[in-house]
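**Student:** fold the following.
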Amino acid sequence: MAKKSAVVNPPAGLDVESLKADIQRHLKYTLAKDEYSSTEWDLYQSVVLSVMDRLHERWIETQQYYYKKDVKRVYYLSMEYLIGRLLDNALINLGILDEVKGALADLGIDYEEIRNAEWDAGLGNGGLGRLAACFLDSMASLGIPGYGYGIRYDFGIFYQKIVSGFQKESPDLWLRYGNPWDIVRPTVNYPVHFYGESLPYTDSEGRLRFKWENTDVVEAVAYDTPVPGFKNNVVNNLRLWKASSSKSFNLEIFNQGDYINAVRETELHENISRVLYPNDKVFVGQELRLKQEYFLVSATLQDILRRFKKQYSDWRLLPEKVAIQCNDTHPNLAVPELMRILLDEEALDWDTAWEITEKTIAYTNHTLMPEALERWPVSLMRHLLPRHLQIIYEINNRFLNKVRAEMGEDINLIRRMSIISEGSQPDVRMASLGIVGSRKINGVSALHSDLLKKTLFKDYYELWPEKFTNKTNGITPRRWLKQCNPELANLITSKIGEHWVTHLDDLKQIEKFSTDKKFKKEFAKIKLENKKRLAEYVKVKMDIDLNVNSMFDVQIKRIHEYKRQLMNALHAIVLYNRIKDNPSAKFQPRTILFGGKAAPGYYMAKMHIKLINSIADKVNNDPQVGDKLKVAFLPNYSVSLAEKMIPAAELSEQISTAGMEASGTGNMKFALNGALTIGTLDGANVEMKEHIGDDNIFIFGLTVEDVEKIRREGYSAYEHYMRQPELKRALDQLKEGFFSPEQHDLFQPIVNAILHDNDYYLICADFEHYVNMQDKVSELYQDQDKWNEMAILNTARMGYFSSDRTINDYNEEIWRAGTVKF
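**Tutor:** Numbering: from 1, shown residues only. Next up, the predicted model:
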């Protein structure tokens, strides 16, 4: 009898009819719903499941290809992934957006309603997590064998409501209906150990070794999300870990009536992946946060090394087959964890283990502020990770011996460079650990990387100049132009073809259209339509009528004093006062829009939100002001909200105190979508100015050198306050309760921070120049022909700021992995 062949389902088609059939099939047979009982969420799920059918084939083939071709793999470790909604992105990268829209239309379903059923996956606080998401998209689109690793938080960044002008936080229930994009892998789970003790013993060869015993064990369970490249059949993987208790429900305690303690241990274990920590100004040694960081590192390294050991037995090959990139200091426990595995579990000697570790791991720094660099108390580390603390002390001892040998017996230098701080309550300096244990350390803009070498990491740079490099951040053009601004993307494609989607430098070709009347007219029309869409959203959500013929001036980012939303708010007060003083004077109408979240414990940032809303209440309800000026704070800023605001923006506010913003990527998104930038010479603004041209960006304020000089020689905010009448009037209005009649001293803390605490973020020093530059902006905006020419040039010259370029730079210098093509 002939052998019966296995039944193989035909590949899932990409045409309208195949998609329509699968959407109906999943609705009925997977979800057990029909056209009468289904909800928008059911319809959304049936679409996602049909898309996943197409992704699964490519996902499996990609992973098989990596094994067959014996590729080097890149592992990107990040505590945050602000991935937003996935449906549009998946359809665009598969090249079937129009087909899915057509299939739904044939079924009488509105695609816009379906896509709006998706919840944002807000697994990040801001730029760090969004950058990680852009990088995964670029790795897949470039064909780099890349894997993202993070934590599957039950609750992402909090849901922000504005109540009486104040921010109020509530849990982000992004998983309330489940997540059809991820696949749980219950058999891919690893034990993660905490507490216990490190016990010495002598092995069979007489060598001193250590065992980490009597630990508390938590299980890490894998959830996988596909990451498709753009029209290249590559589908990489984002693996997020969920914490699960390794101990079962205690039935004996339960039967005794102690219901709480029966599940207590399970709850404590599962808390590790319960909630994303908000980005407070400083972490103050929270045990749960350190647990989260080690949970990510331990599970991920076990997974990486399992995959490595399936193919290789020689540990010296690890750096040739594995590249581990730590996104900021949070995953830097990878250094002692990899050492622990190689020493204690694989029985390698110290020198071999260290050489492998140092060649395998790289570290990206994202901050210039010393207070933002993680430091964990030695007492906490000893309690939670005793074996790792031993290893860190040994790393530090050997490192300081090297420092003494190469840089001399300078006690102050040694104290500065030590991984362990001195004093009665010593800390582990996580940035220092990352530098010592990594092959490469990079900043994220040319200015940031330069300042790292000159200031924060100066001593390390003098010891290891070859370790330090720059990788200027970038954004994925798939989401931040093709997806969020389809009309502009189509206009560009009609002129230069679609090659720009993966080769953003091609946008240079539209420079010649900056003076073309027809192109400018179409460009302006698209911007106006985007403004109208945003205005409709604001009307529905906030019941505020925006003047779509006004300039849309937008600042959306995490609320922090150094980002200086306060300066923008004070400028709004100045504009309001000018209108009130002379209502009949010529005035360029302006709509000032804010968005962003303040960390729950950051009092001053939350007061800035209240101030903005109080200004908005005064301005928007003054009939004498009318459509000349509007101010609005859009609540619950997210990736999806950014996708509405960025295409509508005409002026982008990038006004941080010089030397404090590592890079910024919002600046890039705005410019790519044809907004002009007003900003300081900070972060990536410096490089944007070089690429866009001095005449197409509005730069103002102190430079890094100016800031250093002021801090060195002294600064009086009060003198600036007395010398600038418009600034003085605005601050006096805050002090006197003009914007808070219900509580006259409500904004006194803001005034005190400027006038009595001497304005650390130098708002007074930059304010006059900022206002003058804003006046130039208003004047130029009245010449719409010139404004649109500059806007087109901004879009055309943003090619350098693609995350594809950034990732290619990482790969060429740091990872050295190949690329694949199907």
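
**Student:** my guess is residue 507 meets residue 793, correct?
**Tutor:** No: Residue 507 is beyond contact range of residue 793, at 10.2 Å (criterion: C-beta atoms under 8 Å). Bear in mind the C-beta positions are built from the backbone N, C-alpha and C, glycine included.

**Student:** need the strands for the stretch 451-600 of the chain, in chain order.
**Tutor:** For the stretch 451-600 of the chain, the strands defined by DSSP state E, counting those that start in this stretch occupy 468-470, 551-556, 590-595.

**Student:** pLDDT of the second one, averaged?
**Tutor:** The average of the pLDDT scores along strand 551-556 is 98.

**Student:** who are the packing partners of that strand?
**Tutor:** strand 590-595, helix 639-648, strand 651-654, helix 763-781 (3 or more C-beta pairs under 8 Å, 6 or more residues apart in numbering; DSSP states H and E).

**Student:** so where's this structure shaky on pLDDT?
**Tutor:** 1-11, 248-265, 279-285 (pLDDT under 70).

**Student:** for it, what's the longest helix?
**Tutor:** Ordering each helix of the chain by length in residues (DSSP state H) puts helix 40-68 first.

**Student:** number of nearby residues for residue 716?
**Tutor:** Using other C-beta atoms under 10 Å, residue 716 has 15 neighbouring residues.

**Student:** wouldn't it be in contact with residue 758 here?
**Tutor:** Yes: assessed by C-beta under 8 Å, residue 716 is found in contact with residue 758 at 7.4 Å.

**Student:** quick check, residue 75 in a strand?
**Tutor:** Yes: under DSSP: H, G, I helix; E, B strand; the rest coil, residue 75 falls within a strand.

**Student:** for it, give me its contacts.
**Tutor:** Residue 75 sits next to 146-147, 149, 300, 304, 322-325 when contact means C-beta atoms under 8 Å, 6 or more residues apart in numbering.

**Student:** looking at the residues you listed, which are in helices?
**Tutor:** Of these, the ones assigned to helices by DSSP H are 300, 304.

**Student:** buried among the contacts of residue 75? Make that a PyMOL selection.
**Tutor:** Remark: buried members of those, expressed as a PyMOL selection using 16 or more other C-beta atoms under 10 Å:
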select buried, resi 146+147+149+300+304+322+323+324+325
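
**Student:** as JSON lines, the contacts of residue 75 with distance to residue 343 would be great.
**Tutor:** Below are the contacts of residue 75 laid out as JSON lines (distance: C-beta to C-beta, whole Å):
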{"residue": "146", "distance to residue 343": "28"}
{"residue": "147", "distance to residue 343": "25"}
{"residue": "149", "distance to residue 343": "23"}
{"residue": "300", "distance to residue 343": "19"}
{"residue": "304", "distance to residue 343": "17"}
{"residue": "322", "distance to residue 343": "18"}
{"residue": "323", "distance to residue 343": "21"}
{"residue": "324", "distance to residue 343": "17"}
{"residue": "325", "distance to residue 343": "23"}
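
**Student:** nearest to residue 775 among the contacts of residue 75?
**Tutor:** Closest to residue 775 out of these is residue 325 (44.5 Å), distances taken as C-beta to C-beta.

**Student:** kindly provide the distance from that closest one to residue 817.
**Tutor:** To residue 817, residue 325 is 11 Å away according to C-beta to C-beta, to the nearest Å.

**Student:** joint contacts of those two?
**Tutor:** When contacts are counted by C-beta under 8 Å, 6+ apart, the set common to residue 325 and residue 817 consists of residue 74.

**Student:** and the contacts of residue 75, which of them are in strands?
**Tutor:** Under the assignment DSSP state E, these contribute 146-147, 149, 322-325 to strands.
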